[in-house]
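Novice: Here is a sequence with its predicted model. Questions after.
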Amino acid sequence: MKIILLENVKGTGKKDEIKEVKDGFGSFLIKSKKAVPYSEKSKEVLKTQLDNRKEEEERLLKEALELKNKLENTKITFNVKTGKQDKVFGSISSKQISEELKKKNFNIDKKLIEADNINSLGVHLVKIKLHKKVIAELSVELKGGD
């Protein structure tokens, strides 16, 4: 029996693959909504879905690249309290960076921001994962105060 998998099935195949399986197993997969029977119509539906996903992926990639260009031309500054020898109290978190970006009309989730130990004065490059293929670098500056 030929089927099209609707999700990954361990030992059988990955989502959207066309597989030849034994009749009993194929019936089980179809009843549990993990596969559909292979036919010309189901093959066309699969092709349409794959094309739509590809177009959506290309659109998201294009948007991520545009956002990357805007972010890399942006610089955010934090005025922080410092002690002796310009030692910063605490550090800047991804949440603080996300909130500062929101003020500049960027809606970036804090989980996408990789801010590790930003606890010294100066300019730091922070990586922001916009897409699995697009990572932007944002300049974050810490200026000393009292």
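Specialist: Thanks, I have it.
Novice: buried set for the top helix by length along the chain?
Specialist: Criterion DSSP state H: the longest helix present in the chain is helix 40-72. Using 16 or more other C-beta atoms under 10 Å as the test for burial, helix 40-72 gives 42, 46, 64, 67-68, 71. (Each C-beta comes from the backbone N, C-alpha and C, glycine too.)
Novice: swap in stretch 132-146?
Specialist: Buried-residue list, stretch 132-146, by 16+ other C-beta under 10 Å: 134, 136, 138, 140, 142.
Novice: Against the centre of this structure, work out the most remote residue.
Specialist: What lies farthest from the middle of the chain is K84; by C-alpha atoms, centre = their mean that is 40.2 Å.
Novice: Can you give me the domain assignment for this structure?
Specialist: 2-60, 65-144 (automatic domain parsing).
Novice: I'd like those domains written out as a markdown table, with mean pLDDT added.
Specialist: Converted to a markdown table, the domains of the chain look like this (pLDDT from 0 to 100):
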| stretch | mean pLDDT |
| --- | --- |
| domain 2-60 | 93 |
| domain 65-144 | 87 |
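Novice: For T74, give its distance to L65.
Specialist: Per C-beta to C-beta, to the nearest Å, T74 is found 15 Å from L65.
Novice: actually S42, not the one I typed
Specialist: Taking C-beta to C-beta, one finds S42 at 35 Å from L65.
Novice: can you check K10 too?
Specialist: Plainly put, K10 is 36 Å away from L65 if you go by C-beta to C-beta.
Novice: show me the contacts for the residue most central in space within the chain.
Specialist: By C-alpha atoms, centre = their mean, the chain has its centre lying nearest to H131, at 4.4 Å. H131 is in contact with 60-61, 64, counting by C-beta atoms under 8 Å, 6 or more residues apart in numbering.
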